[in-house]
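Chemist: Fold the following, please.
(2 chains)
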Amino acid sequence: MARRPAGRRSPYADLPRAAFWRSAMRAPDEATVAALYRPKFDLTPQTRLMTAGSCFAQHLHRTLTRAGWNVLQGEGTGRLLPASLARDYGYNIYSARYGNIYTARQLRQLIEDALSDTPRPAPVWTRDGRVFDALRPTVEPHGLDSADLVQEARRDHLACVRGVLAETDVLIFTLGLTECWIDRATGLALPTAPGTVAGQFDPDTVTFHNFTYPEVLADLCASRDLLHAAGYPVRILLTVSPVPLTATASDAHVGVATTYSKSVLRAVCGVLEAQDPDFDYFPAYEIITTTAAGGPHFARNRRDPSATGVDTVLGVFAMAHGDGPAPETAPPPTEAPDTGKTAEEVACEEILLEAFRK
Amino acid sequence: MIRVAIIGNSHIGAYAEAAETIRAAFPTVELSFFAFPRHDLRSADLGDDGWLRARGDHDSALPSEIDLAAQDRVIVAGQPFAMIGLNALLAEFDILGWPGTGKARRLSPALFADYTRQAVTGAAGRLMKWFGDDGQGRFTYLAQPLVTDRARPGSSKMATLAFHPAALHIFEQWHSALAATASDMPCPIVPQPPELRASEVFTPRRFARAATLPADRAPAPADHIHMSAEYALAHFRAIAKTWPELHNSPERPPGPLPIKESE
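Modeler: Reported below is the predicted structural model:
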């Protein structure tokens, strides 16, 4: 064991246990876990929260709602529809029915269109004679009768989004991917490639793009600027999804591509948290993927977060905002860390890519 | 003799009025009736001995209990089959692409169809479970009859939907869900026969209870929700066609239909 050198001063000498890997990561305790998240925003149970983001954000929406946080719902169905049916049609998953928003560009597009008097029409895809909104292709699992109805539905949806944005104090946005497919005709970022849910893949109509750090940063800042310019003083609490890429179109190994994506997203979060008063970062990524809070908290498939992990995420969030005790932290795992249970099912276009695996 | 019980809510009144005519047309049928006091399954108890007994006050002229175990066939009449849920849903939403009522929110037709199907199937399942119906065909279920076009909107859940601008679409989905539930579950729901329908939405006016009552005995406002003995006899014929023991026996021509008020 290394001994503290006598008589010498070091900038590390007075740091808390959370600053040292061995105490914070090998044997986390309440104090080190509490140090994971020191919020800039003073959230109370009355603070109006909006949720959006990649698949992992569904867990946040669900757990925060169940825990009694004031999570806005501007396009829900209440108790009028059975919960599973509503979910199949994209309701009650997020604060509005936008489906998964994997990239910062998608969020920016959504805010632009929601705040616009003349929103852009959505690109449409077809499958078996049915028509799908390419910007949220899973919210209507059977599609609609016509492209006109898709645009009508989109106008209804954007009105709901606008209503939610007007009410929101804090937007909790989970960044999921940097990889994206862009519709060449409109320049719009799509949540998934055509051919996955509906439509046909045609390189003449879509192009692959892997967003860079400056692009992600610019898109997030633009989203904030749009909201503030519209008179909505929304602050944005960023998280990064701990869920790895299902597949990459970048020509890299999926593990390498995942690290690139998560690194870019995490770096953007870091700089915004440090330098911009309108942004903060909540370390759900670290809670799930590292030993900092008793993890890693992955299910047996080593991709999805476990139920315990999701509970721990909420526990850290609640504890930091004075609304709950410290989450239990297990000792670091010596074997497979899995409880065997995944968190509850999430609707995820990205996971559909697995079907294309050779 | 084939012992047949007709039980349910206020809609069994039409069958009670038609009892003598049904007996005349089907002489091997022995009919008995039971009305749930407050038109709700929760207003009666079904005992392990097979007796169905009214709970609390029971001011109907009909018996307050019936031995269902002793019946060869049981007809459960007047069931709403999701009408309550459909009303609640359409009070909040219009349906995309269908004539609407100016609601700010719209559901897709596919979602509406899925909901209707699930709601009807759920209602059928709850009924079968409540009656301990093993699906062998002893029980037959009837939906509420369609109202006539003289019913007042709001006078019943079904009447409200019948005057919705998208009524034709709504009732097409409802009939489709009933048929699918009958065939897929299976739940022996006997639909309102085509000869008793003016359209997908309405029953012809002449079958309304209001149309058969003398003016001095007709309730106000006129009842275009409940149907007449003539309707009940025709529907009973349709039911009988699904029962081999009656389907294969000759039916006698019915005598004159009685005109009397009952509830």
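
Chemist: and the closest residue to chain A within the stretch 1-150 of chain B, how many residues sit next to it?
Modeler: Ranking the residues of the stretch 1-150 of chain B by distance to chain A (C-beta to the nearest C-beta) places B:Ala110 first, at 4.2 Å. For glycine as for every other residue, the C-beta is placed from the backbone atoms N, C-alpha and C. Neighbour count of B:Ala110, defined by other C-beta atoms under 10 Å in any protein chain shown: 18.

Chemist: Check B:Leu31 too.
Modeler: Around B:Leu31 there are 19 other residues, counting by other C-beta under 10 Å.

Chemist: Name whatever forms a beta bridge with it.
Modeler: Beta-bridge pairing for B:Leu31 (DSSP bridges): B:Val4.

Chemist: tell me which element the residue of the stretch 201-350 of chain A found nearest chain B falls in.
Modeler: As assessed by C-beta to the nearest C-beta, chain B sits closest to A:Ala347 within the stretch 201-350 of chain A, at 14.7 Å. Assigned by DSSP states H and E, A:Ala347 belongs to no helix or strand.

Chemist: need the contact list for it.
Modeler: A:Ala347 makes contact with A:55, A:58, A:87, A:90, A:93, A:99-100, A:138 under the criterion C-beta atoms under 8 Å, 6 or more residues apart in numbering or on different chains.

Chemist: Please name the residues that touch the residue of the stretch 1-150 of chain B closest to chain A.
Modeler: A:140-144.

Chemist: Same question for A:Val234.
Modeler: A:50, A:165, A:168-171, A:224, A:227-228.

Chemist: and if you look at A:Ala185?
Modeler: A:123, A:205 are the contacts of A:Ala185 under C-beta under 8 Å, 6+ apart.

Chemist: For it, what are phi and psi?
Modeler: The phi/psi pair for A:Ala185 (degrees, to the nearest 10) reads phi -70, psi -40.

Chemist: swap in A:Met50?
Modeler: phi -120, psi 140.

Chemist: Based on its surroundings, how many neighbours for it?
Modeler: A:Met50: 25 surrounding residues under other C-beta under 10 Å.

Chemist: Also B:Arg138?
Modeler: 15.

Chemist: Which pLDDT value belongs to the residue in the stretch 1-150 of chain A positioned nearest to chain B?
Modeler: Using C-beta to the nearest C-beta, the closest approach of the stretch 1-150 of chain A to chain B is made by A:His142 at 4.2 Å. On the pLDDT scale, A:His142 is placed at 97.

Chemist: distance of it from B:His169?
Modeler: According to C-beta to C-beta, to the nearest Å, A:His142 and B:His169 sit 16 Å apart.

Chemist: Let's see if you can find the most crowded of the contacts of B:Ala110.
Modeler: A:Glu140 (25 neighbours).

Chemist: now A:Ala83, nearest residue through space, not along the chain?
Modeler: Nearest non-adjacent residue to A:Ala83, counting by C-beta to C-beta, 6 or more residues apart in numbering or on different chains: A:Asn92, 7.2 Å away.

Chemist: For the one you found, give me its contacts.
Modeler: Applying C-beta under 8 Å, 6+ apart to A:Asn92 gives the contacts A:73, A:76-77, A:83, A:86.

Chemist: Three-state assignment for it, please.
Modeler: What DSSP: H, G, I helix; E, B strand; the rest coil gives for A:Asn92 is coil.

Chemist: Ok, the one 4 residues further on next?
Modeler: Using three-state DSSP, the three-state assignment for A:Ala96 comes out as coil.
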